[in-house]
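Structure for the following, please:
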Amino acid sequence: MTLEEDNVTWTETARGFWERGLDEGENNYAMLATSYEGSGRVFFAIAAHISVQVQVLECEDKEIQAKKVGEALRKAWLACRYDYPTIASQIVYNPKKPYFRKTYRTPNSEAEVESWIKGSFQSVLSGQTGVDWANADPPVPKAPTIFVLSPPSSSDIIRRDLVLRSPHEIIDGIGTLHLWNTLIRYASQAYQGGDSWQPPTLDGSEIKSLSPPYRVAASIPSHLTEAQQRKMDEIAAEITSPNKGPQVISLPFQKGNLVPGKHQRMALKLSRDTTARLLEACRAAQMTVTHAFHAAIAMAVRDLQPPQKEPMRGRYLSYILRDERPNCREPYNGAKHAAAVYHSISGRSVYIDMDLPTIDKPQDLGQQHQRTEFLQITQQMKAFYDNLRNDPDHHKLVCAICTLFTPPIPDAQLAPDKKRSVPGPRELPSVSLSSLGKIDDKVDHTHGKFEVYEPWVTGEELGNGYGLFLGTFRGELCLSGVYNDAWHDEDEMMRFLEHCKKIVLEAFGL
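Residues are numbered from 1 along each chain as shown. Next up, the predicted model:
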């Protein structure tokens, strides 16, 4: 049986072999990865982390318990494949349409199951923490793969750091958090149950849980209404038209390199007390911490601009990402379909116009001036986020919007080519923000004897901009940023994160 050109429904085309085409969002990631194939790296590949700790009692042998923890995690990953069989899928190129396909093969034997888990669940014996290893240029396998690290820990604690690497067209950020929670829940059950706890058998019945693309999960019609098409025309015109406002401000970067290097992540945390006071201040001001930090990002980019001879205005431009699971129908609207790509990009830009620093005017005009400016910008951010949230058509336009951001690679050039030329750095790189919200709503602190720490997720940055992420867990707000070391360095990123934090805290008198 052959797969029809526009078929995005899982279809058994050979005994035990299932495949489907990609929808517009998945195809966007596949095309971005193809564009950067010549770099030897994978654009926007998922890099995610979680740390678990298990206490060892005085009557227990730590080495024996450590082996039990390792086996429990391994069995949990196998159980996750039954719940989320898409974690064992791959994106493959086909010379006939659809050119990119998501494929899944049901295992025919225990040997095939063992081969899969051996490849997708790997121990790393470097002694590093997961955070350090994730910054050490880890590989991106064709299918989601967990790497398990065993950093040093106290005599009564078993610690394991897990790092997930995956192509973005298989799983997204919020889905990864749901996956972490399911994995640790199963690991806790397996640890407690010992030999009596066994994962479900991969007998082919797992295919009922293969995740459809967003277009199917959200029941998106194949054609837009006239009103929706008018909206799309306006969005397309906004994206392609020259900027008619003040000059667009951008992130300074080290010039010279034309090919991306290593993706890197840096992070800073606010204490529980500071986080609690900040959240209360934001509520009192009728805004969210996302509005506050996105405003601070715009101001921080402005503050990096060279002083002007004459008064000038500059424009910060960016987009926002949004989880679309709430707009999917049952059972695709939650954790049951973690291994899926159910999110959107705003399409329209958020733009903020600000005064640029001048040679004869100090950049720091005092806290009161900065606070007034900050509050004005947060209101603009809030209005943009609210307009997107309240737009009844946005979730229906997700697929159409994705096509506007997809690299236009001719069909004849889609075949794998490791010598493919790589897009150079952008002339005007910007800084984006992805808000993960309250991570505690997706990842539990505790599963039995497993204590959970440091859940985070990023997409591999191969451009010359910054990607910032915001989330809270265990009462602590974490602002993190990713960059590529071909154009930026650790000190730059940390100064930027610290400056964003300073802007927000000073504006609220914290």
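
Give me the pLDDT for the residue nearest to C399 when sequence neighbours are not counted.
Leaving out its chain neighbours, the residue that sits closest to C399 by CB to CB, 6 or more residues apart in numbering is E24, at 4.0 Å. C-beta coordinates here come from the backbone N, C-alpha and C atoms, glycine included. Looking at E24, its pLDDT stands at 92.

same thing with the one 5 residues further on?
Here the pLDDT value assigned to Y29 is 95.

next one: L73
The predicted local confidence for L73 is 98.

Would you mind confirming that it makes contact with L162?
Yes - taking contacts as CB atoms under 8 Å, L73 lies within contact range of L162: 7.5 Å.

picking that back up, gap between the residue nearest to C399 and E226?
The gap separating E24 from E226 is 20 Å, by CB to CB, to the nearest Å.

those strands in the stretch 401-510 of the chain, which residues are they?
431-438, 446-447, 450-459, 466-473, 476-484 (DSSP state E, counting those that start in this stretch).

would you turn these into TSV with mean pLDDT?
Output for those, formatted as TSV (pLDDT from 0 to 100):
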stretch	mean pLDDT
strand 431-438	94
strand 446-447	97
strand 450-459	97
strand 466-473	97
strand 476-484	98
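
got the ones you listed as CSV, with mean neighbour count and distance to G424 columns?
Output for the strands of the stretch 401-510 of the chain, formatted as CSV (neighbours: other CB atoms under 10 Å; distance: least, CB to CB, whole Å):
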stretch, mean neighbour count, distance to G424
strand 431-438, 20, 19
strand 446-447, 16, 46
strand 450-459, 22, 20
strand 466-473, 23, 18
strand 476-484, 23, 12
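
Same list (the ones you listed) but as JSON lines, adding distance to P407.
Listed next are the strands of the stretch 401-510 of the chain as JSON lines, based on distance: least, CB to CB, whole Å:
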{"stretch": "strand 431-438", "distance to P407": "18"}
{"stretch": "strand 446-447", "distance to P407": "41"}
{"stretch": "strand 450-459", "distance to P407": "16"}
{"stretch": "strand 466-473", "distance to P407": "18"}
{"stretch": "strand 476-484", "distance to P407": "18"}
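
Ok, which of these comes nearest R230?
strand 431-438 (27.1 Å; CB to CB).

Kindly calculate the angle that that closest one makes with strand 466-473.
Interaxial angle, strand 431-438 versus strand 466-473 (axes from the mean of the first three to the mean of the last three CA atoms, to 10 degrees): 10 degrees.

Name the residues that touch strand 431-438?
Strand 431-438 is contacted by residues 173-174, 177, 251, 290, 293-294, 297, 300-301, 318-321, 456-457, 465-473, 496 when judged by CB atoms under 8 Å, 6 or more residues apart in numbering.

so how far is I409 from D417?
For D417 relative to I409 (CB to CB), the value is 10 Å.

distance between stretch 205-212 and the chain's centre?
23 Å (CA atoms, centre = their mean, to the nearest Å).

if I pick S346, what's in contact with it?
Applying CB under 8 Å, 6+ apart, the residues contacting S346 are 319-322, 384, 388, 394.

before we move on, back to that, shared neighbours of L73 and L162, anything?
148, 183.

hmm, back to that, so which of the contacts of S346 would you say is closest to P141?
Among the contacts of S346, and counting by CB to CB, the member closest to P141 is L321, at 24.3 Å.

Now do the closest one, the pLDDT please.
With respect to pLDDT, L321 scores 92.

cool, and Q65?
89.

I'd like to know how many residues surround it.
17 (other CB atoms under 10 Å).

That one belongs to a helix?
Yes - assessed by DSSP: H, G, I helix; E, B strand; the rest coil, Q65 belongs to a helix.

Any stretches of the chain with poor pLDDT?
For the chain, the stretches flagged by pLDDT under 70 are 1-3, 5, 361-367.

pull the longest helix from it.
As assigned by DSSP state H, the longest helix anywhere in the chain is helix 367-390.

so it versus strand 431-438, what angle?
Using the same axes, to 10 degrees, helix 367-390 lies at 70 degrees relative to strand 431-438.

who touches helix 367-390?
Under CB under 8 Å, 6+ apart, the answer for helix 367-390 is 285-288, 290-292, 294-296, 298-299, 320, 322, 346, 348, 350, 352, 354, 364, 394, 503-504, 506-507.

do the same with stretch 478-494
By CB under 8 Å, 6+ apart, stretch 478-494 touches 253-255, 257, 259-270, 293, 425, 429, 456, 458-472, 496-497, 500-501.

Now it - C-alpha only, PDB.
What follows is stretch 478-494, C-alpha atoms only, in PDB (Å, rounded to 0.1, in the frame of the first residue of the first chain):
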ATOM      1  CA  CYS A 478      14.000  30.600  36.300                       C
ATOM      2  CA  LEU A 479      15.000  32.800  33.400                       C
ATOM      3  CA  SER A 480      17.300  31.000  31.000                       C
ATOM      4  CA  GLY A 481      18.700  31.800  27.600                       C
ATOM      5  CA  VAL A 482      20.200  29.900  24.700                       C
ATOM      6  CA  TYR A 483      22.700  31.100  22.200                       C
ATOM      7  CA  ASN A 484      25.200  29.800  19.700                       C
ATOM      8  CA  ASP A 485      28.800  30.100  20.600                       C
ATOM      9  CA  ALA A 486      29.800  31.000  17.000                       C
ATOM     10  CA  TRP A 487      28.400  34.500  17.700                       C
ATOM     11  CA  HIS A 488      28.000  34.900  21.500                       C
ATOM     12  CA  ASP A 489      29.600  33.900  24.700                       C
ATOM     13  CA  GLU A 490      28.700  33.000  28.300                       C
ATOM     14  CA  ASP A 491      29.500  36.400  29.700                       C
ATOM     15  CA  GLU A 492      27.300  38.200  27.200                       C
ATOM     16  CA  MET A 493      24.400  35.900  27.900                       C
ATOM     17  CA  MET A 494      24.700  36.200  31.700                       C
END
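
Okay then, goodbye and thanks.
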